[in-house]
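Trainee: here you go, sequence then predicted model.
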Amino acid sequence: MIKYFDGGTGTMLKLRAGELPEKLNITEPERVFAVHKAYADAGADIITTNTFGANPLKYENCAELVKAGVRLAKRTGKKVALDMGPTGKLLKPMGDLSFEDCYASYAEVVKAGAEEADYVLIETMGDTYEIKAALLAAKENCSLPVIVSMIFDEKGRLLTGADIKTACAVVEGLGADVIGLNCGLGPKQMLPLVKELRKYASIPLCVNPNAGLPEVVNGKTVYNVSPEEFASYMSEIAKIGVTFLGGCCGTTPEHISAMIEKTKNIPDSVPEYKSFTVATSGSESAGFGAKSLVIGERINPTGKKLLKEALRNNDMDYVIREGITQRDCGAHILDVNVGLPDIDEKEMLCRAVFELQSVVSCPLQIDSANADALSAALRIYNGKPVINSVNGKESSLKAVLPLAKKYGGVLVCLCLDDDGIPETAEGRIKIAEKIINAAKEYGIDKKNLVVDALTMTVSTDKNNAVETLKAVKYIRETLGVHTVLGVSNISFGLPEREAVNTAFYTEALAAGLSGGIINPKSQSMMNAYYAHNALAGLDESCLEYISSVTKTETVQSGEVEISLDTAIIKGMKEESARAAKKLLEGTSPLEIINGFIVPALDKVGADFEKNRLFLPQLLMSADSAKAAFDEIKAHLVLSGNAQVKGEKIIVATVEGDIHDIGKNIVKVLLQNYGFDVIDLGKDVKCETVLDEAVKRGVKLVGLSALMTTTVPNMEKTIRLLHGNTDVKVFVGGAVLTKSYAEKIDADYYAKDAMESVRIAQEFFGINN
């Protein structure tokens, strides 16, 4: 039978301006309990604690609030879900919250509340990195089942860009027991997203929509879906196949009661097992399948003098350039190995992973024989990585398999053991089977394994290529496990190595190779890849092959000088600063701004609006533009020229609302388009906004609200500004729509951060 969650807590509490719901667990416990009891009486099986926003980043007495919240929910006699929402902050590098501080925040909540709860509910999550911090905190500090529920937009994207397939791979990989969707959308809009989630998930589903989209009626925020309509749509969702149903913002006990009555005879259903082998970053996935993946080999110091030098000199710019260049040349995944005897591999691997994930969106293959380094890098990785590697030695199995289970990667299995690498395919297959069986004992499914049959140089034994390819074919077809190979090993000791590599790569692809660890900057290797796909019927109308032939040169990243606009578009802060400094030797600051910085930001903005890139890349480009601006400012100071600031804009999160993610993103982008942004912070009284606007002579104000209960304060602020000044106001936030913005008399509605820039440019008559 389907299990039923309760509905919206804030909706029922009817919060007054400035009230924080979690505080009521102590100050007005009976008010909170009345809400819980109403949902229990309506038939809910699981009561969610009033702890959504309770975390130590916000409350000094967090543990006390959490314990009180759990006790109140338990008084209903129902099952209790310890509720943990987002922190309200962006994690580094997009924001200022470190991964471990985020983890510690969630860990404190789990330690305080899990003992008396039945589930941990991590909900309304829009960032895979924050999901990882919360999920690890739950798994490492309690033994309760963990439900992860995410907030997607209508296009099926999280705030930080992940689609449903990517988010599902991350959440399942990290060991969540249930996966779901909540908030943001009504049941009608959520219906296709539930179908999409069911397509990729192998664990039970939980669906808790809003009661439609918010509207303003007679000055009050209301939701437009009645209990009967809500129940009707939830019946359709239930028939897709779910285990848990409930409601979010705007839903009431009447919605839950109607939903239960409409769906009580629909059996619960867990999605069928999916055998997808998927690696991800925080926003993008790469699936092993019929079409082989290109795994870039260039960030590995073996045989690479320039990379060794860069690592010893802590030159992360070189590493980043290699990553970007390989990605631009067609790599789907980047291998990252920094192992040198004279450096701190653990520190360097973590740094390389962090820096690369700041600028490239593709998944990484974390490559180390050092278990401590591997563990540290896997912990701070955003997504589901490829883990390179484990082998048949007992010491390796014991060290690496627990890491793969805990952090949920795709594990590369090397066909070697204490006796070395077998000469025959049969010997390697035997080791592969041993690793597959050992992984199963740790709870690692073979869909999360890829086997490296190991390429031995053909110059030492004429059968080496033949035996490797025989093993690849058997492992792929008979064992049903995907395969990878380090291709270039085949040609050691031979002249014209690239010709041998290319021929072997082609044969390996024909044998069913799932992923080739190759140099994507090699024209002949990539030509072989695209030609194979065309010949194998994997390239519709040969479009990828035709597109690939325009890449006519092998680019050596160490010799490339990155232009300022390219550095901004790619999100390369150091390169951006360096390029701006060089341009200042012969170009005026205004020419640099108008000729390089603004066009680059416009290109990034356009790609963001067309869903070609997402929030992380947008913010990294903004940071890169800021690095260039900082160089220009420093130049102006040294030359004695006074800097003229751009047009002034005030931004603020309205009174009662303590979420400032959206506002902070808007601020960064506006600043990088040259506007003078005055940030009043969060929970800002309407009188303060008015006073600052008058005092500073500001003509444009941006207001943000994430919570439904604080939108009336947005309307109040707009009314105060319009009644006393000629200031124009643009608004944005998760709960707002264009029609909603019009009803509260906002002058402009910003659907996203880039739209705020367009509004400001239009208002001030700036043409770009």
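Mentor: Looks like it arrived, so ask away.
Trainee: tell me which residues in stretch 478-489 are buried?
Mentor: Across stretch 478-489, burial judged by 16 or more other CB atoms under 10 Å covers 479, 481-489. Placement of C-beta: from N, CA and C, glycine included.
Trainee: repeat for stretch 604-614
Mentor: The neighbour-count check on stretch 604-614 (16+ other CB under 10 Å) flags 604-605, 607-608, 613-614 as buried.
Trainee: where do the strands sit along the stretch 51-200 of the chain?
Mentor: With DSSP state E, counting those that start in this stretch, the ranges of strands along the stretch 51-200 of the chain come out as 79-84, 119-125, 146-150, 178-182.
Trainee: and the stretch 251-400 of the chain, by the same measure?
Mentor: Using DSSP E, counting those that start in this stretch, strands in the stretch 251-400 of the chain cover 277-280, 285-288, 293-299, 333-336, 364-367, 386-391.
Trainee: name the residues that touch the third one?
Mentor: Which is strand 293-299. In this structure, residues lying in contact with strand 293-299 by CB atoms under 8 Å, 6 or more residues apart in numbering are 286, 304, 307, 319, 322-323, 325-327, 329-338, 352, 356, 365, 386, 484, 486, 488, 514-521, 526, 529, 557.
Trainee: mind doing that once more with 7 Å?
Mentor: 286, 319, 322-323, 326, 330-337, 365, 484, 486, 514-521, 529 (CB atoms under 7 Å, 6 or more residues apart in numbering).
Trainee: that one to strand 386-391, inter-axis angle?
Mentor: Put simply, strand 293-299 runs at 80 degrees to strand 386-391, going by axes from the mean of the first three to the mean of the last three CA atoms, to 10 degrees.
Trainee: what lines up beside strand 293-299 in the sheet?
Mentor: Strand 293-299 has the following strand partners under DSSP bridges: strand 333-336 (parallel), strand 515-518 (parallel).
Trainee: quick one: closest of those to Ala63.
Mentor: strand 333-336 (38.3 Å; CB to CB).
Trainee: hmm, back to that, now the strands of the stretch 51-200 of the chain as a markdown table including mean pLDDT and mean neighbour count?
Mentor: Shown next, in a markdown table, are the strands of the stretch 51-200 of the chain (pLDDT from 0 to 100; neighbours: other CB atoms under 10 Å):
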| stretch | mean pLDDT | mean neighbour count |
| --- | --- | --- |
| strand 79-84 | 98 | 26 |
| strand 119-125 | 98 | 26 |
| strand 146-150 | 98 | 28 |
| strand 178-182 | 98 | 25 |
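Trainee: need the strands of the stretch 251-400 of the chain in CSV (columns: mean pLDDT and distance to Ala162).
Mentor: Below are the strands of the stretch 251-400 of the chain laid out as CSV (pLDDT from 0 to 100; distance: least, CB to CB, whole Å):
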stretch, mean pLDDT, distance to Ala162
strand 277-280, 98, 8
strand 285-288, 98, 8
strand 293-299, 98, 19
strand 333-336, 98, 16
strand 364-367, 98, 15
strand 386-391, 97, 17
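Trainee: distance to Phe99 and mean neighbour count added to those, as a markdown table?
Mentor: Formatted as a markdown table, the strands of the stretch 251-400 of the chain follow (distance: least, CB to CB, whole Å; neighbours: other CB atoms under 10 Å):
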| stretch | distance to Phe99 | mean neighbour count |
| --- | --- | --- |
| strand 277-280 | 17 | 27 |
| strand 285-288 | 21 | 22 |
| strand 293-299 | 21 | 26 |
| strand 333-336 | 17 | 26 |
| strand 364-367 | 15 | 28 |
| strand 386-391 | 18 | 26 |
